[in-house]
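K.L.:
could you work out the structure for the sequence below:
(one chain, ligands or ions: 1)
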Amino acid sequence: MSLTWRHLTFALVVSSLACSGASRSAIGRPAPSGACCLEIGRRVAAGHRVAALTTRRFTHTDYWAALDPLLKSKALRVTPVGASTQGRALRAITFGTGPTTVFLWSQMHGDESTATMALADIISWLGAPEADALRDRLAANLTVVMLPMLNPDGAELFQRENAVGVDVNRDVRRLSTAEARTLKAVRDSIKPAFGFNLHDQNARTLGRPGGQRVGIALLAPAADAANGFGPTRAAARLVAARIRDVLEREIPGRIARYDDAFNVRAFGDLFQSWGTSTVLIESGALPDDADKQRLRTVNVIAILSALDAIATGDYRKEDPAVYTSLPVNDRSAVDVVVTGASLVIPGQAPVRVDISMNYEDPLRKGRARVREIGDLEDVVAFDTVAAPGLFIHPDPSMLTEQRGNRWLRIGATVQLSIRRGPEPTSALVREMGNR
Ligand SMILES: [Zn+2]
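P.N.:
Alright, predicted model coming up:
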């Protein structure tokens with residue numbers, strides 16, 4: 001019995017060491033041997049989940065209170081690196097003493113918190129006491145520097161911009177904001193070989209025309225307007241290929257490539273031009289994942305896979321085509337479209353139109369606003385309300401009136417009824433809205 005148990009333990013250690021991966025890569029060829037870390041990533045995300053973080057909206061105080069006890073680990077070094085516009089502390093957490101420096105920063109946009117949660121879980125695992133082959137390998141080969149929640153003032157309000165309304169990712173040249181200056185200063189002091197720019201993208205983005213919602217979009221940003229692949233960007237492309245290879249087994253068909261036009265005002269592109277092989281990871285949305293807890297796990301898997309591929313040098317075995325064959329982020333869908341009905345404005349003849357609407361929060365749903373009115377037959381929507389031959393009666397609050405004219409207002413909060421006839425007393429089929 002004990003012999004069997006020891007053999008089993010040994011087998012687990014060996015498999016963790018080799019990070020034995022699956023069989024086929026994203027484009028059908030055999031995956032590179034040793035492709036890590038689907039199983040390990042799942043295990044870390046579940047076993048080291050920082051339990052105090054349960055939703056995608058949390059503050060700087062919440063975050064660091066949850067992390068504080070974990071940061072006592074001897075494996076982690078905490079460095080104050082600056083303060084936000086409103087004076088919230090910005091901290092870098094460093095793990096490992098290896099020759100290759102990797103820099104990860106998250107939540108430069110205050111309402112993009114998925115990777116910040118994943119970094120908490122990874123920090124928890126990196127500081128844990130039990131022996132672990134992957135962690136030892138990362139510690140020996142890498143110096144991993146993590147700067148979670150770069151824009152805590154934006155996080156406080158759950159808004160993209162910082163406390164004075166500036167998009168930090170459009171401030172890389174001027175460095176007008178405290179957050180951008182801190183990011184640049186850390187980069188200049190550690191001169192990382194690899195960088196990970198961690199964001200959340202539009203949750204309504206589709207992966208290809210009529211395709212699924214994108215779960216994760218990857219990008220090895222261009223380093224110049226010519227959009228070529230020098231050695232720095234080529235290495236980033238191979239790391240992104242590795243991430244895709246692993247993630248296709250976790251969220252098949254839900255991975256895309258982000259727009260790669262060079263943006264001289266964006267950090268990722270400039271990091272690439274400064275010689276740091278940089279990968280952008282954009283978390284989109286997954287079905288039934290309103291608080292992005294599943295995407296949090298996906299981020300842990302992606303980041304550990306990338307770190308291991310860099311630590312072993314194994315990313316060099318990847319095929320660039322695994323990255324270049326990704327479908328590019330396509331247009332975004334609307335949340336709801338009502339088709340086939342006629343719109344009733346009191347005092348006017350009914351008009352045959354479709355109406356699209358978006359929820360204020362596309363993941364939690366709730367309150368919706370009118371987005372477009374007209375012929376929307378080619379619009380892709382997550383939900384279609386087919387109402388052929390029926391009549392849409394908007395609540396008066398949805399109408400604007402000027403000089404005797406009345407119309408349905410774009411942006412109006414949706415509060416309407418769908419009825420069998422144009423008369424307001426005709427049979428009710430359905431109500432839409434929150435009242
Ligand atoms: Zn962003």
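K.L.:
residues contacting the residue in the stretch 301-435 of the chain that the ion sits nearest to?
P.N.:
With Cβ to the ion, the shortest gap between the stretch 301-435 of the chain and the ion falls at N329, namely 13.2 Å. The C-beta positions use only the backbone N, C-alpha and C, and glycine is treated the same way. If you count contacts by Cβ atoms under 8 Å, 6 or more residues apart in numbering, N329 has them with Q201, T205, L206, G207, V214, A217, A256, R257, Y258, D259.
K.L.:
contacting residues for the closest residue to the ion within the stretch 151-300 of the chain?
P.N.:
In the stretch 151-300 of the chain, the residue found nearest to the ion is H199; the distance is 3.4 Å by Cβ to the ion. Contacts for H199 (Cβ under 8 Å, 6+ apart) come out as S106, M108, H109, E112, A115, L280, I281, E282, S283.
K.L.:
mind redoing it with 10 Å?
P.N.:
Each residue near H199 by Cβ atoms under 10 Å, 6 or more residues apart in numbering is listed here: 105-109, 112, 114-115, 169, 217, 219, 258, 268, 280-283.
K.L.:
give the buried residues for stretch 86-93.
P.N.:
If you call a residue buried by 16 or more other Cβ atoms under 10 Å, then stretch 86-93 has these buried ones: R88, L90, R91, A92, I93.
K.L.:
sorry, back to before: by neighbour count, which of the contacts of N329 wins?
P.N.:
Highest neighbour count within the contacts of N329: V214, with 31 neighbours (other Cβ atoms under 10 Å).
K.L.:
let me see the contact set for it.
P.N.:
When contacts are counted by Cβ under 10 Å, 6+ apart, V214 is found next to 201-208, 251, 253-258, 282-286, 327-330, 332.
K.L.:
that one and D260, how far apart?
P.N.:
15 Å (Cβ to Cβ, to the nearest Å).
K.L.:
repeat for R208
P.N.:
R208 is 16 Å from D260, by Cβ to Cβ.
K.L.:
where along the stretch 301-435 of the chain do the helices fall?
P.N.:
All helices of the stretch 301-435 of the chain, identified by DSSP state H, counting those that start in this stretch, fall at 320-324.
K.L.:
quick one: low-confidence parts of it?
P.N.:
435 (pLDDT under 70).
K.L.:
show me what from this structure comes close to the ion.
P.N.:
Residues of the chain found near the ion (Cβ under 5 Å from the ion) are H109, E112, H199.
K.L.:
which of these sits closest to N162?
P.N.:
Among these, H109 lies closest to N162 (Cβ to Cβ), at 9.2 Å.
K.L.:
how about the closest one, secondary structure?
P.N.:
State at H109, reduced to three classes by DSSP: H, G, I helix; E, B strand; the rest coil: coil.
K.L.:
ok, now which ones touch the residue nearest to it when sequence neighbours are not counted?
P.N.:
Among residues not flanking H109 along the chain, R160 sits closest, at 4.4 Å (Cβ to Cβ, 6 or more residues apart in numbering). R160 sits next to M108, H109, G110, D111, E112, N151, G154, V166, D167, V168, N169, D200 when contact means Cβ under 10 Å, 6+ apart.
K.L.:
host element of the closest residue to the last one other than its chain neighbours?
P.N.:
Closest residue to D200 in three dimensions, ignoring its sequence neighbours and counting by Cβ to Cβ, 6+ apart: E112, at 3.6 Å. Counting by DSSP states H and E, no helix or strand carries E112.
K.L.:
distance of E112 relative to A368?
P.N.:
For E112, the distance to A368 - Cβ to Cβ - is 22 Å.
K.L.:
equivalent analysis for P346, please.
P.N.:
Note on P346: its distance to A368, by Cβ to Cβ, is 22 Å.
K.L.:
so who does A222 touch?
P.N.:
A222 makes contact with 228-229, 233, 259-264, 266, 268-269, 272-273 under the criterion Cβ under 10 Å, 6+ apart.
K.L.:
can you add secondary structure and give these back as JSON lines?
P.N.:
Listed next are those as JSON lines, based on three-state DSSP:
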{"residue": "G228", "secondary structure": "coil"}
{"residue": "F229", "secondary structure": "coil"}
{"residue": "R233", "secondary structure": "helix"}
{"residue": "D259", "secondary structure": "coil"}
{"residue": "D260", "secondary structure": "coil"}
{"residue": "A261", "secondary structure": "coil"}
{"residue": "F262", "secondary structure": "coil"}
{"residue": "N263", "secondary structure": "coil"}
{"residue": "V264", "secondary structure": "coil"}
{"residue": "A266", "secondary structure": "coil"}
{"residue": "G268", "secondary structure": "helix"}
{"residue": "D269", "secondary structure": "helix"}
{"residue": "Q272", "secondary structure": "helix"}
{"residue": "S273", "secondary structure": "helix"}
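K.L.:
backbone dihedrals for the most centrally placed residue in the chain, please?
P.N.:
For the chain, the residue nearest the mean C-alpha position is S283 (1.5 Å; Cα atoms, centre = their mean). Backbone torsions for S283, taken as degrees, to the nearest 10, come to phi -90, psi 130.
K.L.:
from the buried residues of stretch 86-93, pick the one nearest W407.
P.N.:
R88 (45.0 Å).
K.L.:
residues touching the closest one, list them.
P.N.:
59-61, 64, 82, 149, 151-153, 155-156, 163, 178-179.
K.L.:
one more: L408?
P.N.:
Under the criterion of Cβ under 10 Å, 6+ apart, the contact list for L408 reads 343-345, 351, 353, 355, 370, 373, 392, 394, 398-400, 416.
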